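Asks: sequence? don't have it. structure:
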C-alpha cells in the first residue's frame, strides 16, 4: 500500500453506527481518525451525512439480520433525499462484513462498500474506489493496520472524554466451538509495545485518566519491545503505569488459560490496575467446557480465582456464561449455577446459546430447545442479579476513590465510576469533573450507587 493517501472532496460528514463490543467502539473512533485528514467530520445526524457506516458485530444471534434491516432503512432514507442532492455512500464494516461480505453485496444493492476489521486503515483508499463502483475488501492483510493509521488529533481525543479504549491485541487462536472471532478477526496479533505506549501517552496528554486495554484475548498479549523481546500484559501494565496522567488501567476480555503469574502479580503491585476482572468461564460443567473447546476445567478456573484473590483480596469479578449449549443436561446447568454461587460475582453477562454459521457448535447434535434455554437463563440471571446486588450493598458505608467523569442526570449532580466499575452518582459541583475523589457510598440504587464526597482533596487511586 502506498503511503500517499488518495485525495477526497473536503467538507464531508460521516455517521457511524456501532454494534457490539468495546473493540468496535474503538474501531469506530479510529475510522473517524482515518477519515479526518480527507475532509470528513463526524456527525450524530444520519440525515446530514455524506457517508453512513455500520460497524457490525457477529457474536449474537440474528446479528446479520439486524444489519440488513438497518440497511433497508438507510436505503429508503437515501432515496428520499431531494433530487440533485449529494449521494449518500453506504458502507458496512466489522465482523458481519468480514463473514458475509459477498452476501451483503448480493442482498443489499444499496451498499457501496463492504470491508472487514483488518481493513479500516485503508478506508480513504476504498472510499475513493467506491466513487466509481461497489467495493468489497475482506482480506486479512499482512501489513500492520495500526502503523498506517494517523494519530488522532489532540482536540479530537479531548472530545472523547476522561476514559478511553486502547486496542493492544486482536484475534484469537483458541477456537472455542461456539465462537466466530477466529474467522472474523483472524489469528492473535499483538501490537508492538512502542506503538501502545505512544498511543497511551497521546491519550494522557489529551486528558484521559483511565484507559481500558482491549483485545479479543487481551491477556494473551505478547507484543515486542524495541529489542525484539516479547512483553506480557502484566509487564505492559507496569510500563503504562509509569505514564504521567494515566491513573487507572483496566483490560478486557481475558481467557483463563492466559491468566499468568505476572499478570496476577501486577494486580497485587500496581495501584493503577483496577481491582475488577472480567474473566469468562462460560460453563461450570467439565463436559460442556470440553465440548466448547475451552481447554480448562471448572477446577482449574476455581484455582485461578483463588490465586487472584490471594494476590488482591478486594478483587471484584465479572464473567460470561452461555446456557443451553448442545448437550447441556440439567446436571450440567446446575454445575454452572453452583459455580456462580461459590465464586460470588460482582457482575456477569449470561446468554442463551445461539448457533453461529461456520462454527463447530452449529453442527453438533443434541441442540437444546429454546424454551429450555429460556428457563435456564432466567434461573441463572436471577442468581447473578442477587450476587450483584449483594456486592453493591456491601459497598454501602465504604469510602471509595471515584473518578468524576460527567454531569449527573439531575441538577447539582455528577457521575463517575468506582474502582469496581460501578456507576456512582454524587451531589457535587461540575467543577470536580476530571478528579479522583474519596466518596462515601451512602445508598444502593437498582443499577448504581449514591455517594457523598468526603473531602475535596485529591487522593491517589
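Replies: The structure has been received and is ready for your questions. The structure presented is a predicted model; accordingly, all values stated were derived computationally and were not measured.
Asks: would you list every one of the helices in this structure?
Replies: Per DSSP state H, the chain carries helices over the ranges 22-35, 63-79, 94-107, 123-130, 154-159, 181-184, 193-205, 233-241, 261-269, 286-291, 298-311, 330-343, 370-395.
Asks: can you give me phi and psi for residue 206?
Replies: phi -90, psi 0 (degrees, to the nearest 10).
Asks: per-residue pLDDT, it?
Replies: pLDDT, residue 206: 92.
Asks: got the helices of the chain as TSV, with mean neighbour count columns?
Replies: Heads up, the C-betas are built off the backbone N, CA and C, glycines and all. Shown next, in TSV, are the helices of the chain (neighbours: other CB atoms under 10 Å):
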stretch	mean neighbour count
helix 22-35	21
helix 63-79	16
helix 94-107	21
helix 123-130	20
helix 154-159	14
helix 181-184	21
helix 193-205	18
helix 233-241	21
helix 261-269	17
helix 286-291	19
helix 298-311	16
helix 330-343	17
helix 370-395	16
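Asks: which of those helices sits closest to residue 173?
Replies: helix 181-184 (7.0 Å; CB to CB).
Asks: picking up where we left off before, least reliable of the helices of the chain going by mean pLDDT?
Replies: Ranked by mean pLDDT, these end with helix 154-159 at the bottom, a mean of 59.
Asks: in contact with residue 416: list those residues for me.
Replies: 402-406, 423-424, 426, 439 (CB atoms under 8 Å, 6 or more residues apart in numbering).
Asks: same question, residue 343
Replies: By CB under 8 Å, 6+ apart, the neighbours of residue 343 are 302, 305, 317, 319.
Asks: between the residues you listed, which is nearest residue 452?
Replies: Nearest to residue 452 among those, counting by CB to CB, is residue 317 at 27.3 Å.
Asks: any idea of the mean pLDDT for stretch 440-457?
Replies: Averaging pLDDT along stretch 440-457 yields 89.
Asks: give me the buried stretch members for it, please.
Replies: Across stretch 440-457, burial judged by 16 or more other CB atoms under 10 Å covers 441, 444, 449-451, 453.
Asks: as JSON lines, these with distance to residue 175 would be great.
Replies: Formatted as JSON lines, these follow (distance: CB to CB, whole Å):
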{"residue": "441", "distance to residue 175": "42"}
{"residue": "444", "distance to residue 175": "41"}
{"residue": "449", "distance to residue 175": "39"}
{"residue": "450", "distance to residue 175": "44"}
{"residue": "451", "distance to residue 175": "44"}
{"residue": "453", "distance to residue 175": "48"}
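Asks: ok, so of those residues, who is nearest residue 115?
Replies: Of all these, residue 115 sits closest to residue 449, with 41.5 Å by CB to CB.
Asks: correct me, but residue 170 touches residue 218?
Replies: No. Under the criterion of CB atoms under 8 Å, residue 170 is not in contact with residue 218, lying 9.7 Å apart.
Asks: could you count how many residues lie near residue 351?
Replies: 19 (other CB atoms under 10 Å).
Asks: show me the beta-bridge partners of it.
Replies: Note on residue 351: beta-bridge partners by DSSP bridges are residue 322.
Asks: from what I can see it touches residue 377, true?
Replies: Yes. Contact criterion CB under 8 Å: residue 351 and residue 377 qualify, at 7.4 Å.
Asks: need the overlap of contacts for those two.
Replies: residue 323.
Asks: distance between stretch 404-420 and the chain's centre?
Replies: Remark: stretch 404-420 is offset 22 Å from the chain centroid, using CA atoms, centre = their mean, to the nearest Å.
Asks: mind listing what's buried along it?
Replies: So stretch 404-420, judged by 16+ other CB under 10 Å, has buried residues 404-405, 408, 414-420.
Asks: please apply the same query to stretch 161-170.
Replies: Buried residues in stretch 161-170 (16+ other CB under 10 Å): 161-170.
Asks: same thing with stretch 42-59?
Replies: Using 16+ other CB under 10 Å as the burial criterion, the residues of stretch 42-59 that qualify are 42-43, 46, 49-59.
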